[in-house]
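Visitor: Generate coordinates for the sequence data below:
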Amino acid sequence: MPGKLIVGYDGSPAARRAVDFAAAAARAQDASLVIAHVLEWSPYSFLTKEEIEERHARRRDELRRAEDAVIAPVRERLASTGLKVETMIAYGHSAEKLCALAGETGATQIVVGRDGNGGLASRMFGSTAGSLVQIAPLPCTIVP
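Guide: The predicted structure is shown next:
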């Protein structure tokens, strides 16, 4: 049974390297790709009716921008590869959402890029790659 690789993608150079790696691996394994873009979204509530309406409008705008600026270009870039490619946009914590999407799609591996610019914030709060290594229920590949 062919596998499925899920790639965390945000349009960055590190994410493009992850897609290139995953595409090569998918070809070698006769697998398909799921390109997933995760928008960080706070689950906090206690909002007024007006704030909720504004939040929904912003969310629609963010989804449209993510589709146009992030997902469409990578879908176009992969169109000529002959690979089966699905794309998705989701809200949540990146590592947690990638794990959930991997389960929902039946993925056999998660692939993400690492830019090497960890900095103090990622050491204190964790990066997507660092979090995945700790919580993923399936193999992860971190592409430098």
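Visitor: Leaving out chain neighbours, which residue sits closest to Thr141?
Guide: Val111 (4.7 Å; CB to CB, 6 or more residues apart in numbering). (C-beta placed from N, C-alpha, C; glycine too.)
Visitor: Where does pLDDT dip in this protein?
Guide: 1, 41-47, 116-126 (pLDDT under 70).
Visitor: can you give me the helices for it?
Guide: Ranges of helices within the chain are 13-29, 49-66, 72-78, 94-105, 119-125, 128-135, based on DSSP state H.
Visitor: orientation of the last one relative to helix 94-105 in degrees?
Guide: In this structure, helix 128-135 runs at an angle of 60 degrees to helix 94-105, with axes from the mean of the first three to the mean of the last three CA atoms, to 10 degrees as the basis.
Visitor: tell me which strands and helices helix 128-135 is in contact with?
Guide: Applying 3 or more CB pairs under 8 Å, 6 or more residues apart in numbering; DSSP states H and E, one finds that helix 128-135 makes contact with helix 94-105, strand 109-113, strand 140-143.
Visitor: Name the stretch among those that sits most buried.
Guide: The highest average neighbour count among those, using mean count of other CB atoms under 10 Å, belongs to strand 109-113 at a mean of 26.
Visitor: residues in contact with the residue nearest to Thr141?
Guide: By CB atoms under 8 Å, 6 or more residues apart in numbering, the contact set of Val111 is Leu5, Ile6, Val7, Gly8, Ala18, Phe21, Ala22, Ala25, Cys140, Thr141, Val143.
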